[in-house]
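Colleague: Have a look at this prediction, sequence included:
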Amino acid sequence: MSENKTELKRSLGLIDATSLVAGSMIGSGIFIVTSAMARDIGSAAWLLVIWLVTGLITVAAALSYGELAGMMPNAGGQFVYIQRAYGRLVSFLYGWTVFTVIQTGVIAAIAVTFANYAAIFFPVLDHTLFTVGTAFVFSYQKVLAIFSIILLTYINTKGVESGKTVQLIFTSAKLIALFALIVLGLYVGLQTDILSNNFENMWEASKTVVNPDGTITVTKLAGMAILGAAGATIINSLFSSDAWNNVTFIAGEIKEPKKNIPRSLFLGTLIVTVIYVLANVAYLALLPMQGTPTATDIAGNGIMFASNDRVGAAAASMIMGNVSVFVMAGLIMVSTFGCNSGLILSGGRLFFAMAKDGLFFKQATELNKNQVPAKALWVQCIWACVLCVSGKFGDLLTYATFASLLFYILTILGVFILRKKEPNADRPYKAVGYPIVPALYIIVTVAICLTLLIYDTFNTGLGLGIVALGIPVYYFVMNKKE
């Protein structure tokens, strides 16, 4: 008979926590989003500036979260921080958004990406099982995506030791592979004049759009237009750098959490920031920034028009030739599988914390014989699988990224609120650079959100709509409890 204990076991050290931060951040984004960003900004210097700003604000956020993590070293992390600063309604809205789209939507998207790249090795996965109308196609790829979510959920129900082993192995593998791509890319690329050509007019920004007839329109950008374009396209690099906060969800299982969570947040985000910037330098050393969609070779497509936006694969082709297709497919499979392992492990702990507070299914409070919130993990698994099948997770991710930024702002604003409300609270770690660093993060991120509201009103509006939908759900839950 399973043993339903109420306390999670602290068995994860600093290396495990740092592995979770880095592993949850590195998925497939770094291999893809640079192409879209290149079309949006058209400048090598501005491209690197955007990635640097993304890294700086991510590290700044992590440093600020460290204070909250030290104060509240409990399972649930950001959910707990928001509740202490703002109350139950706002914390429920955060948990609601994480469950409906942020965590489960990312898990679904990454699982489908994993299956897409597996099809390069096993073409049978492209075969269609059945269709519903013209919009919905169910293939063997979807079956593999769902199977990968179920498998990783099962592994994580066997205990945090099983989950951390998978996480450590896959995070190590993809870090080594990314370093190899960077080193080889710079070694090969610096023997050509591609990098110097890309930086010849490095601050000349432009937006490139492909017209329905296949022609392209290039619009020069200057002044506020550059800042607007940069503010809009940074959503791509921010999405690639997201999920660093997941380590706070498993605070109940980390040894010496008051020390190790702040340290892991800083180390993990710093490592990934350095890797992401260097990866983009390698892309610029191997491929021309500009290109045309009709070119017959990889160099002619450039970064802007890499096939299916797979700029990582295009860069690898310049190093290894045709074999790179399989090398990059394998790397992305390792990267996405490891990323999902961390997301699945941590997400269940957030829903466990919500359930303990009466804001999620009561059964999610139960721990199995391995002291793992297995039922919370399986509920997360089921909804993520539904999103895989629905085919709508891509849209949901777009809406949710904006909502996620809003909750980051609220959480870091909570550092100021709690300093005022609870000046004598135990703070074993204080936010580095307070109040300047957290204030700068809030200012920059608010500016990004306002830019997104202007340039992508529809999707950001839907993001706000998903959050707002949680309000009637919250009052329904509260009324049911009375």
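Modeller: Cool, got the structure. These numbers come from a predicted model, not from an experiment. Residues are numbered from 1 along each chain as shown.
Colleague: In the stretch 101-250 of the chain, mark out all the helices, start to finish.
Modeller: For the stretch 101-250 of the chain, the helices defined by DSSP state H, counting those that start in this stretch cover 103-121, 140-157, 160-189, 194-198, 224-240.
Colleague: how about the fourth one: buried residues?
Modeller: It stands for helix 194-198. Buried residues in helix 194-198, counted by 16 or more other CB atoms under 10 Å: 194-195, 198. Heads up, the C-betas are built off the backbone N, CA and C, glycines and all.
Colleague: what packs against it?
Modeller: Helix 194-198 is packed against helix 257-286, with contacts defined by 3 or more CB pairs under 8 Å, 6 or more residues apart in numbering; DSSP states H and E.
Colleague: So what touches stretch 438-449?
Modeller: The contact list for stretch 438-449 (CB atoms under 8 Å, 6 or more residues apart in numbering) reads 53, 57, 60-61, 63-64, 231, 234-235, 238, 402, 405-406, 408-409, 412-413, 415-416, 431, 460.
Colleague: Take these and keep only those in helices.
Modeller: Among the contacts of stretch 438-449, the members falling in helices (DSSP state H) are 53, 57, 60-61, 63-64, 231, 234-235, 238, 402, 405-406, 408-409, 412-413, 415-416, 460.
Colleague: Could you pick out the buried ones from the contacts of stretch 438-449?
Modeller: 53, 57, 60-61, 63-64, 231, 234-235, 238, 402, 405-406, 408-409, 412-413, 415-416, 431, 460.
Colleague: Follow the chain on from the longest helix seen in the chain and name the next helix or strand.
Modeller: For the chain, the helix that runs over the most residues, judged by DSSP H, is helix 324-356. Proceeding N to C from helix 324-356, the next assigned helix or strand is helix 374-390, under DSSP states H and E.
Colleague: Let me know the angle separating the helix or strand where residue 446 lies from helix 224-240.
Modeller: For residue 446, the host element (DSSP H and E) is helix 436-455. With axes from the mean of the first three to the mean of the last three CA atoms, to 10 degrees applied, the angle from helix 436-455 to helix 224-240 works out at 110 degrees.
Colleague: For helix 436-455, buried residues please.
Modeller: 437-439, 441-442, 444-445, 448-449, 451-452, 455.
Colleague: Need the residues that contact the lowest-mean-pLDDT helix or strand in the chain.
Modeller: Of all helical and strand segments in the chain, the minimum by mean pLDDT, DSSP states H and E falls on strand 136-139, at a mean of 75. For strand 136-139, contacts defined as CB under 8 Å, 6+ apart pick out 125-132, 389, 391.
Colleague: which of those residues sit farthest apart?
Modeller: Greatest spacing in the contacts of strand 136-139, by CB to CB: 125 and 132 (19.4 Å).
Colleague: Compare neighbour counts for these two and give me the winner.
Modeller: The neighbour comparison of residue 125 against residue 132 (other CB atoms under 10 Å) goes to residue 125, with 19 against 9.
Colleague: In contact with residue 221, which residues are there?
Modeller: Contacts of residue 221 by CB under 8 Å, 6+ apart are 41-42, 205-207, 229.
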